[in-house]
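>>> Fold the following and give me the result.
(chains A and B)
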Amino acid sequence: MLNENENYFYEFYGKSKLTIDELKRFPGCEGKSDEELSNISDGLFDLAVLYQKIMIENDDRPETI
Amino acid sequence: MMTDLKRFNRFIKRDDPKSKAPVNRDVWLYTRVSSNRQKDNYSLTYQKEEAEKFVTSKGYTITHQFGNISESASNDFTRREFMDLINKVKQARKKPFGILVYVMNRFSRTGGNAISIAEELISKTGVHLIEVSSGMDTSSETGKHMIYSKLLEARKQNLDRLEHTIPGMRKFVSTGHFLGTVPIGYNHYGPRVVDITKREISQRIVINEDGKKLKLAWEWKAGGMPDYKIIEKLKVLGLSLTKQNLSSMWRRPFYCGVQTNKLTEGNPVKGTWEPLVSEELFWKVDSIINENHQGYLISKEVIERPLTGSLYCHKCGMKLAGYENKEKKLHYYKCQKCKGVSLNANTSKIMFPDKTGAHELFINLLESYRLKPELSEPFKFQVEKMMTCFTDSTQQEETIFKRQLTELKKKRETLKRRYAYGEIDSDLYSQFLNEVETEIKNLEEKYDFPEIEISNLSEKLNNVVDFSQNTSKYWVSGNLSSKRRLQKLIFPNGLVLDTQNRQYLTLKINSLFSLKRDFMGTSRDKKEKLPIKNDEESSLVAEGGFEPPTFGL
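A predicted model of the protein is given here:
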């Protein structure tokens, strides 16, 4: 069930993944190609899902971390 | 002197009159055919009729009948009716004289095994084998010899038949034809199918209505949908599948049109049937289920060794295995190929304080990395978007819930009013009130909305920054799944563990991460020592900053 739960996170938050246009607005992402931005979007989304998962596991209390 | 020889008559030994008890003439009949198709060709009826003629002519009586079904005789112990016959013969108080079979290959085709069963029957129970077609039985040594020869011959016939059949079958599957029962989602037409309405000259396997629904299931699976949800959605479409059905489907290359029958001898071939899914989709699902598979294999041992699967031997490059020394209750990572390549998983402060464990070394390594500073704001924005998405979704659900609840409460009021005015009797009132109350209760239990504290959002977002800068402490606090995901995310190709020098050699770093300034040092010398590139071309180089790292934030 563990990974099925993780899939659930991806499904639930899927719509909120950053688009290339959204990323272009950030100074650090200027001048990057669409391919690079797409990779960044994927990577940030993975990391954000993981963050949400860890926070939920720790009952949203970072002080316990 | 002439002797009267007749006087000696009384000295002649005669049979004991007791031994003239009637001979047991009871026999049990066993009939069988090899396959369901033969069941229709009157073979069973023929075997039975011939047996009946035989017993009439020989004065036997059939007292029990077994078989009368299709059972392959290539294995005795898997034949239900056959084993039932043997067990009942052994247990019977009144044993029959023998077991009647039309020809010996009906009894068995296992050769030596069949002889051993027959031998046991004869020697331990006194029950013989009788062959109808030849009239032979095992009650005499000659008969026994003949019957046993026939049992061996039956085995040989089977082997000969396989020798002739297997090359044909091999040829059949190697040309992309399918052998066996087609999986769910397909209809099988051909010359040998059991269902006569589907008999055709040549094989034709086509996708049926269920197959069209299963096609959607594959797409859902590739999109990351869990199996239980797919089962629910298929049920809505009118297709009921078990978890096992679905799990088996994901593992069948048949669905992408590939023949993997073992007769292909390790060379899968393209099937002649229409694939339900593309090969690309099949492999995508395969990668998902393999990931799941790892997830299901969680055991206590693995929980205590989260780096299992991510570490490689610095000598041979093989994955390191984890193990526990149960006596010392210590966990280790070791190479199963190279001698002496082993490292304690945890640092034992009391027993071996100098021997830093693999986990502590990994935490030190993680401490040296952070999300690239220029990605900090986009990351924060990403998490904020997720939180907003959650809030929006919850609010939408809450609105629907409140509307449903209001309607149900209105219904309840109307019901009470109609009862009060005498428009409905007490039976109807009780029945419907009960229904409405149950619905209200179910709805309230189903939706337990968390309080959405928008004011906390900015505070939560501050934690996001901490997470992106201090992944090590989140690795420590995460469960096994989170630990693995984090280590895979930052080091996608794993890590080489140099057990001699107690250090990690990184293969590749996620390009979103970079070394922290503190670890980069300021001197030119130190910079040159920096080991890791964080791009695609990263090479096998030692981790930087092996001096004791600090929580420098």
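>>> In chain A, which residue sits closest to chain B?
Nearest to chain B, among the residues of chain A, is A:Gly28, at 2.5 Å (Cβ to the nearest Cβ). Backbone N, C-alpha and C define where each C-beta goes, glycine included.
>>> wait, isn't that residue in contact with B:Leu375?
Yes: at 6.0 Å, A:Gly28 counts as touching B:Leu375 under the criterion of Cβ atoms under 8 Å.
>>> who's more crowded, those two?
The neighbour comparison of A:Gly28 against B:Leu375 (other Cβ atoms under 10 Å in any protein chain shown) goes to B:Leu375, with 24 against 15.
>>> Would it be right to say that the more buried one lies in a strand?
No: counting by DSSP: H, G, I helix; E, B strand; the rest coil, B:Leu375 is not found in a strand; it is helix.
>>> quick one: pLDDT of it?
Reported pLDDT at B:Leu375 in the predicted model: 92.
>>> can you check the one 5 residues further on too?
Turning to B:Lys380, the model gives it a pLDDT of 90.
>>> after the helix or strand it falls within comes which helix or strand?
Here B:Lys380, judged by DSSP states H and E, is contained in helix B:376-420. Using DSSP H and E, the helix or strand that follows helix B:376-420 in sequence is helix B:426-446.
>>> ok, how many other residues are close to whatever residue of the stretch 351-500 of chain B ends up closest to chain A?
The stretch 351-500 of chain B approaches chain A most closely through B:Glu374 (2.5 Å), counting by Cβ to the nearest Cβ. Neighbour count for B:Glu374, taken as other Cβ under 10 Å: 14.
>>> Run a quick neighbour tally on the nearest residue to B:Ser108 once chain neighbours are set aside.
Of all residues not flanking B:Ser108 in the chain, B:Ala114 sits nearest, at 3.4 Å (Cβ to Cβ, 6 or more residues apart in numbering or on different chains). Other residues within reach of B:Ala114, judged by other Cβ under 10 Å, total 24.
>>> Averaged pLDDT, the helix or strand that B:Lys156 is a member of. What do you get?
Following DSSP H and E, the helix or strand that holds B:Lys156 is helix B:141-174. The average pLDDT within helix B:141-174 is 81.
>>> list the helices and strands the helix or strand following that helix packs on?
Heading C-terminal from helix B:141-174, the first helix or strand you meet, by DSSP H and E, is strand B:186-189. Applying 3 or more Cβ pairs under 8 Å, 6 or more residues apart in numbering or on different chains; DSSP states H and E, we find strand B:186-189 packed against strand B:204-207.
>>> Would you mind pulling up the elements that the strand it packs on packs against?
strand B:186-189.
>>> Can I get the strand it packs on in CSV? Just the C-alpha atoms.
Presented in CSV, the C-alpha positions along strand B:186-189 are these (Å, rounded to 0.1, in the frame of the first residue of the first chain):
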residue,chain,number,x,y,z
TYR,B,186,-10.0,-11.5,-25.6
ASN,B,187,-12.2,-14.1,-27.5
HIS,B,188,-10.5,-17.2,-28.9
TYR,B,189,-11.7,-18.7,-32.2
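>>> So what touches it?
With contacts defined as Cβ atoms under 8 Å, 6 or more residues apart in numbering or on different chains, strand B:186-189 is touched by B:178, B:181-182, B:198-200, B:203-208, B:211, B:273, B:276.
>>> Where does pLDDT dip in the chain?
Chain wasn't specified; assuming chain A. A:1-12, A:57-65 (pLDDT under 70).
>>> Chain B is the one I meant
Flagging of chain B using pLDDT under 70 yields the residue ranges B:1-2, B:14-22, B:36-42, B:163-164, B:291-301, B:351, B:390-397, B:446-459, B:517-553.
>>> how does it divide into domains?
The record's domain parsing of chain B by automatic domain parsing lists B:26-160, B:186-293, B:382-446.
>>> Which of those has the highest mean neighbour count?
domain B:26-160 (a mean of 17; mean count of other Cβ atoms under 10 Å in any protein chain shown).
>>> That domain: end-to-end distance?
36 Å (Cα to Cα, to the nearest Å).
>>> just how off-centre is that domain within its chain?
38 Å (Cα atoms, centre = their mean, to the nearest Å).
>>> what's the most distant pair in the contacts of strand B:186-189?
B:Arg199 and B:Leu276 (23.7 Å; Cβ to Cβ).
>>> picking up where we left off before, distance to B:Leu365 for the domains of chain B - can I get that in JSON lines?
Converted to JSON lines, those look like this (distance: least, Cβ to Cβ, whole Å):
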{"stretch": "domain B:26-160", "distance to B:Leu365": "56"}
{"stretch": "domain B:186-293", "distance to B:Leu365": "24"}
{"stretch": "domain B:382-446", "distance to B:Leu365": "25"}
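>>> Out of those domains, which gets nearest to B:Ile350?
With Cβ to Cβ as the measure, domain B:186-293 is the member of these nearest B:Ile350 (38.1 Å).
>>> tell me, how many neighbours does B:Lys334 end up with?
Using other Cβ under 10 Å, B:Lys334 has 20 other residues around it.
>>> Write down the beta-bridge partners of it, one by one.
Legend: beta-bridge partners of B:Lys334 under DSSP bridges are B:Ala321, B:Ser342.
>>> how about the helices of chain A, start to end?
Taking DSSP state H as the criterion, chain A contains helices spanning A:2-13, A:20-24, A:34-57.
>>> Need these in CSV (columns: mean neighbour count).
Shown next, in CSV, are the helices of chain A (neighbours: other Cβ atoms under 10 Å in any protein chain shown):
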stretch, mean neighbour count
helix A:2-13, 17
helix A:20-24, 15
helix A:34-57, 19
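>>> Same list, those, but as a markdown table with distance to chain B please.
Listed next are the helices of chain A as a markdown table, based on distance: least, Cβ to the nearest Cβ, whole Å:
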| stretch | distance to chain B |
| --- | --- |
| helix A:2-13 | 4 |
| helix A:20-24 | 6 |
| helix A:34-57 | 4 |
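>>> coming back round to it: ok, now which ones touch the residue nearest to B:Ser108?
B:Asp76, B:Phe107, B:Ser108, B:Leu151, B:Ala154, B:Arg155.
>>> so who does the nearest residue to the second one once chain neighbours are set aside touch?
By that I understand B:Phe107. Excluding its sequence neighbours, the residue lying closest to B:Phe107 (Cβ to Cβ, 6+ apart) is B:Val101, at 4.6 Å. If you count contacts by Cβ under 8 Å, 6+ apart, B:Val101 has them with B:Leu29, B:Tyr30, B:Thr31, B:Phe107, B:Leu129, B:Ile130, B:Glu131, B:Val132.
>>> who's B:Val101 bridged to?
Going by DSSP bridges, B:Val101 is paired in beta bridges with B:Glu131.
>>> gap between it and B:Tyr332?
Counting by Cβ to Cβ, to the nearest Å, the gap from B:Val101 to B:Tyr332 is 62 Å.
>>> Equivalent analysis for B:Glu413, please.
Taking Cβ to Cβ, one finds B:Glu413 at 69 Å from B:Tyr332.
>>> One more: B:Leu121?
Counting by Cβ to Cβ - B:Leu121 and B:Tyr332 are separated by 58 Å.
>>> and the residue lying closest to B:Tyr369 once chain neighbours are set aside, how many neighbours?
Residue nearest to B:Tyr369 in three dimensions, not counting chain neighbours: B:Phe513, with 4.8 Å by Cβ to Cβ, 6+ apart. Around B:Phe513 there are 23 other residues, counting by other Cβ under 10 Å.
>>> Could you list which residues are in contact with B:Phe513?
B:Tyr369, B:Arg370, B:Leu371, B:Lys372, B:Ile490, B:Asn534.
>>> again, but for B:Phe82
B:Tyr30, B:Arg32, B:Phe66, B:Gly67, B:Glu71, B:Ala73, B:Asp76, B:Ser108.
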